[in-house]
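# what follows is a predicted protein model with its sequence.
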Amino acid sequence: MNKCIWLLGLSGAGKSSISLELKKMFISKGLKCLVLDGDILRKGINSNLGFSEADRFENIRRAAEIAKLFLEEGYWVIVAMITPMEDMRTNSRQILQDQYVEVFIDTPIEVCMERDPKGLYQQVKEKQIKHFTGIDSPFEIPQYAHWVIDTRLDSVKDSAEIIWKNIVSY
Ligand SMILES: Nc1ncnc2c1ncn2[C@@H]1O[C@H](COP(=O)(O)OS(=O)(=O)O)[C@@H](OP(=O)(O)O)[C@H]1O
Ligand SMILES: Nc1ncnc2c1ncn2[C@@H]1O[C@H](COP(=O)(O)OP(=O)(O)O)[C@@H](O)[C@H]1O
């Protein structure tokens, strides 16, 4: 059965990089695949939402509903969103039922800050961004993740291969 692989974790954890690597694998196998990346959704369908807890909840709810539509069309869906709170994850699980597979991209905040691929942590330091996840906005450690990837140990490619082996071709 096709699934929604929900990659969650801090900004800079590696969600987008791993989702793109995974997408290449789906395409090479001739499988239909859609990536829903928080950063991209927030520029379009979710451009009216900010980073309050209520807005994040709505942001994630919409992603889950879009994922559901594509699952019904036979797509594999990869979501790459911070999804900071357990109630947001529970809601996605309720929407997607047994097609929801949660993968925690577990990268400590110190490593994310060091990587800082978009310069956002620097902007947080300079107090240009407030309510940043893991700094002054909460991130609950996932309690029910189906899989946990430690990106200190596994490269982007290795992480995608682990997900493939354990979730897609399982
Ligand atoms: N305050 C604050 N906190 C967290 N992230 C911030 C914030 N402001 C902007 N950004 C950028 O928004 C991206 C996260 O969006 P998401 O939709 O994944 O967030 S959430 O799931 O609704 O919490 C996130 O993208 P990623 O770095 O890919 O996670 C950032 O680029
Ligand atoms: N093992 C790894 N897994 C994922 N990303 C990694 C890894 N090692 C280094 N990186 C780098 O960390 C950064 C993660 O950024 P990104 O994928 O945009 O994260 P996110 O979408 O979670 O914010 C990228 O520059 C990526 O090349």
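That came through, no problem. Ligands and ions are numbered 1, 2, ... in the order given.
# please count neighbours and contacts with C-alpha atoms only from this point.
Will do.
# for residue 67, which non-adjacent residue is closest in space?
residue 77 (6.2 Å; CA to CA, 6 or more residues apart in numbering).
# residue contacts, that neighbour?
By CA atoms under 8 Å, 6 or more residues apart in numbering, residue 77 lies in contact with 3-5, 33-36, 67, 70-71.
# among those residues, who's most crowded?
When neighbours are counted by other CA atoms under 10 Å, residue 67 leads those with 29 neighbours.
# that residue - that's part of a helix, no?
Yes - assessed with DSSP: H, G, I helix; E, B strand; the rest coil, residue 67 lies in a helix.
# isn't it right up against residue 5?
No - counting by CA atoms under 8 Å, residue 67 stays clear of residue 5, with 9.8 Å between them.
# residue numbers of this protein in contact with ligand 2?
10-18, 115, 117, 151-152, 154-156 (CA under 6 Å from any ligand atom).
# out of the residues you listed, which are buried?
The neighbour count (16 or more other CA atoms under 10 Å) marks 10-16, 18, 151, 156 as buried among the residues of the chain next to ligand 2.
# ok, the residue lying closest to residue 46 once chain neighbours are set aside - contacts?
Leaving aside its chain neighbours, residue 46 sits nearest to residue 59 (6.3 Å; criterion: CA to CA, 6+ apart). Applying CA under 8 Å, 6+ apart to residue 59 gives the contacts 42, 46, 49.
# now, of those residues, which are buried?
Buried among those (16+ other CA under 10 Å): residue 46.
# distance of the residue nearest the centre of the chain from ligand 1?
Centroid-nearest residue in the chain: residue 80, 2.6 Å away (criterion: CA atoms, centre = their mean). As for residue 80, its distance to ligand 1 is 6 Å (criterion: CA to the nearest ligand atom, to the nearest Å).
# same check on residue 25?
20 Å.
# would that residue count as being in a strand?
No - counting by three-state DSSP, residue 25 is not part of a strand but helix.
# inside helices: which ones of the contacts of residue 77?
If you go by DSSP state H, the contacts of residue 77 have 67, 70-71 in helices.
# quick check: phi and psi on residue 149?
Backbone torsions of residue 149, given as degrees, to the nearest 10, read phi -110, psi 130.
# understood, closing this out.
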